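Structure for this input, please:
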Amino acid sequence: MTTGSGVRLHRPLRATCRSRVRHVGPVFRIVHQGTVTAHRLGPAERPLVLSYGAGCDSFWTLLMILTSPLSYFQDLRRRLTLVIFSDLGAEIPETYQHLACVAIPLMRRHGYDLTIIRPRVTARDGNVYENITDYYFAQAAIPGKVRRSCTPRFKIGPLLAACRTILGTDEYDTIICYDAAEQHRVNRLQELPPGERERLRSHLVHPPLAMGKHRNIIEEEIRRAGYLVPPKSRCFWCIYSRVSEMEWLTEVHPDLMDRAIALEEHMQRERRPFRQARGKGDITILSKPLRQIRDTHLTRKDLDRRQLRLSV
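Residues are numbered from 1 along each chain as shown. A predicted model of the protein is given here:
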């Protein structure tokens, strides 16, 4: 059995659901090595890493660090040593376009260049995946909302390892771009490995939160600065998507919607016997099956077009 991108699922889930496969090799691969700028650090100062998420909060933070006259951001800029992005291979095309056409040129105009890594995660079939969609297809699974596995495995773990390798030290501070509505994420830090939480807690910087900036204000300030607001950074099949976002995906990127449906339905087929034996139903990525969301939306659009023709 293969995924839409040709990745083969060698063994059925039922034969491997309890097996554990040891990961071999590095947990990341450097796709593009950007600049490492440490010459402006004072003798006792720690390097500062911007974990660039490619969304609205990250771009506003980058823009403020590079252009704001406020002393808070000027200090961050002086200490900024590395800007790094973990590419999961599943962002919507508009995110990659904003990254290539807006964010990276902005960095380069100010003397920085983005370091891009790909995570390397081993699935139950023993293969190492750099694409998050292919990995979860091989797992016949999706991340859970309570204990979501995608962020630690594909973002935090690879980023920590990459920063340690590139900087040659664990002694650095990290900018994570939570906005003013995300204090709860700072308080919990559940996405960090338990052994890392307390060590890293005092070394995390959250500029949008520190400046009291909510998302609507951030978007407006980006527009006033003359830049396009990036779309929400997310995998095209993200479990936190809204139904309206999947309807948009159906219209604008139907191929990605088809891949999301394939992922969901493959997971359901592989896990259905196991769940039915326990009296449970199928798992869905959103509150309704993606195929139902797509078909309902297309039917509604078709009816709207028919009514428009009749009215004319």
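
What ranges does the stretch 1-150 of the chain have for its strands?
Counting by DSSP state E, counting those that start in this stretch, the stretch 1-150 of the chain has strands at residues 28-32, 48-51, 80-86, 115-119, 121-122, 128-129.

low-scoring pLDDT stretches of the stretch 201-312 of the chain, where are they?
The stretch 201-312 of the chain contains residues with pLDDT under 70 at 201-202, 312.

can you do 80?
201-203, 304-312 (pLDDT under 80).

And the helices in it?
Assigned helices in the stretch 201-312 of the chain, in chain order: 207-210, 215-224, 243-252, 254-276, 290-311 (criterion: DSSP state H, counting those that start in this stretch).

so what secondary structure elements neighbour the shortest one?
Based on contacts counted as 3 or more CB pairs under 8 Å, 6 or more residues apart in numbering; DSSP states H and E, the elements that helix 207-210 packs against are helix 56-67, helix 71-79. (C-beta placed from N, C-alpha, C; glycine too.)

circling back to that earlier point, looking at the helices of the stretch 201-312 of the chain, which is closest to Arg109?
Taking CB to CB, helix 215-224 is the member of the helices of the stretch 201-312 of the chain nearest to Arg109, at 16.2 Å.

Check which helices and strands that closest one sits against.
Using 3+ CB pairs under 8 Å, 6+ apart: helix 215-224 touches helix 56-67.

could you give the angle of the helix it packs on to strand 80-86?
150 degrees (axes from the mean of the first three to the mean of the last three CA atoms, to 10 degrees).

average model confidence for helix 56-67?
Confidence for helix 56-67, expressed as mean pLDDT, is 97.

Then stretch 155-171?
For stretch 155-171, the per-residue pLDDT averages 93.

need the contact list for Tyr227.
Listed by CB atoms under 8 Å, 6 or more residues apart in numbering, the contact partners of Tyr227 are 59, 63, 102, 106.

ok, and the most crowded of those?
Most neighbours among these, by other CB atoms under 10 Å: Phe59, with 26 neighbours.

From what I see, Asp87 and His32 are in contact.
No. Here Asp87 lies out of contact with His32, judged by CB atoms under 8 Å, at a distance of 9.4 Å.

Which one's more surrounded, the two?
Shown here are Asp87 and His32; by other CB under 10 Å, Asp87 has more neighbours (20 against 12).

Please report the distance of the more buried one from Leu50.
15 Å (CB to CB, to the nearest Å).

cool, and Leu204?
12 Å.

Which neighbours do these two have in common?
Common neighbours of Leu204 and Leu50 (CB under 8 Å, 6+ apart) are 174-175.

So between these two, which is more surrounded?
Leu50 (25 against 15).

Contact partners for the more buried one?
So Leu50 contacts 58, 61-62, 65, 80, 82-84, 174-175 (CB under 8 Å, 6+ apart).

so how far does stretch 237-256 reach from one end to the other?
8 Å (CA to CA, to the nearest Å).

For it, which outside residues touch it?
For stretch 237-256, using CB under 8 Å, 6+ apart, the contacting residues are 90, 92-93, 133, 142-143, 145, 148, 232, 234, 236, 257, 259-260, 263-264, 285-288, 290, 293-294, 297-298, 301.

List the buried residues for that stretch?
237-238, 241, 245-250, 253, 256 (16 or more other CB atoms under 10 Å).
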